[in-house]
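J.: Sequence and computational prediction follow.
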Amino acid sequence: MLIVSAISSGFICSGVMTEVTNVAIESGIEPVLATKLLVFASLPELVFRPIWGYFCNKHDVTLMQHFYLLAFLLSQITLALAKSYSQFIFGILFYSIGICGYTGIKFVLFIELVGTEKLRNVLLCDQVINGALTLLVPYISNSMVEYFKSPKVIFYVNAFAAFFW
C-alpha cells in the first residue's frame, strides 16, 4: 500500500499539480486557458467524492483501489497524448476521479492493514516517502525533458508507474 500511495502522491499528484500548466503552454495552449486547467481537477470533486463513497459502501475497498489507479493511468495517458485544450481537460477529469478515490480509500486501507494503533507510524512513513518523491520526480522528469525533447515526459513516467502498480 505504501508503494501505491507513493506512486499516487509522489508521482501522479505532484506531476499533475506542478507541471500540467507548463506542459499545456509548451504544447501550444494559450496561457490564460492553461492556468485554468486545475479548476477542472477541483470542481468535479463535488460530484466524484460522493460517488466514490457510495461505491466503497457497496464494494470491497481493495477492489475500488484498482479503479482509482485505472483513473490515474487513463489521466496520465490522456495528458501525455493531449494536443488540444479539451483533451487536457479530459485528462484532468480522469485525474480528478482518481484523486477523489485515492484520498478517501488510502486511510481506510491503512486502517485495515495496521489498525488505528499503528496508523501514526504508517502515515509518517507514507508522508516521508511521498515528500521525497514529490521533490524528486518533477525535478528528474524536467531534467529528462531536454534529452527526450518532449515537455510531457512527466506524464509518460507517471503512466509507466501507474501501469505497473
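T.: Ah, there it is. Numbering: from 1, shown residues only.
J.: In three-state terms, label the residue in the chain sticking out farthest from the centre for me.
T.: Residue farthest from the centre of the chain, counting by C-alpha atoms, centre = their mean, is E117 at 28.2 Å. Under DSSP: H, G, I helix; E, B strand; the rest coil, E117 falls in the coil class.
J.: and E112, what pLDDT?
T.: On the pLDDT scale, E112 is placed at 88.
J.: Hmm, D60 and it touching each other?
T.: No. E112 is beyond contact range of D60, at 10.2 Å (criterion: C-beta atoms under 8 Å). In this view, the C-beta of every residue, glycine as well, is placed from N, C-alpha and C.
J.: if we can go back for a sec, how near is the residue farthest from the centre of the chain to A132?
T.: Computed as C-beta to C-beta, to the nearest Å, the E117 to A132 distance reads 26 Å.
J.: residues contacting N158?
T.: If you count contacts by C-beta atoms under 8 Å, 6 or more residues apart in numbering, N158 has them with F11, I12, G15, V16, F72, Q76, V137.
J.: Need the buried ones from those selected in ChimeraX.
T.: Buried subset of these, written as a ChimeraX selection, criterion 16 or more other C-beta atoms under 10 Å:
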select :11,12,15,16,72,76,137
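J.: what's the farthest-apart pair in the contacts of N158?
T.: Of all pairs drawn from the contacts of N158, the greatest distance, 13.8 Å, lies between F72 and V137 (C-beta to C-beta).
J.: L123 and F110 touch, don't they?
T.: Yes. The criterion here is C-beta under 8 Å, and L123 meets it with F110 at 7.0 Å.
J.: between those two, who's got more neighbours?
T.: Taking other C-beta atoms under 10 Å, L123 and F110 do not tie; F110 has more neighbours (19 against 15).
J.: element containing the residue lying closest to that one once chain neighbours are set aside, please.
T.: Nearest residue to F110, sequence neighbours excluded (C-beta to C-beta, 6 or more residues apart in numbering): V122, at 5.2 Å. Here V122 sits within helix 119-148, counting by DSSP states H and E.
J.: Please apply the same query to K106.
T.: Here K106 is assigned to helix 85-114, by DSSP H and E.
J.: Mind listing what's buried along that helix?
T.: 85, 87-106, 109-110.
J.: now swap in stretch 44-60 and tell me
T.: Here stretch 44-60 shows P44, F48, R49, W52, C56 as buried, counting by 16+ other C-beta under 10 Å.
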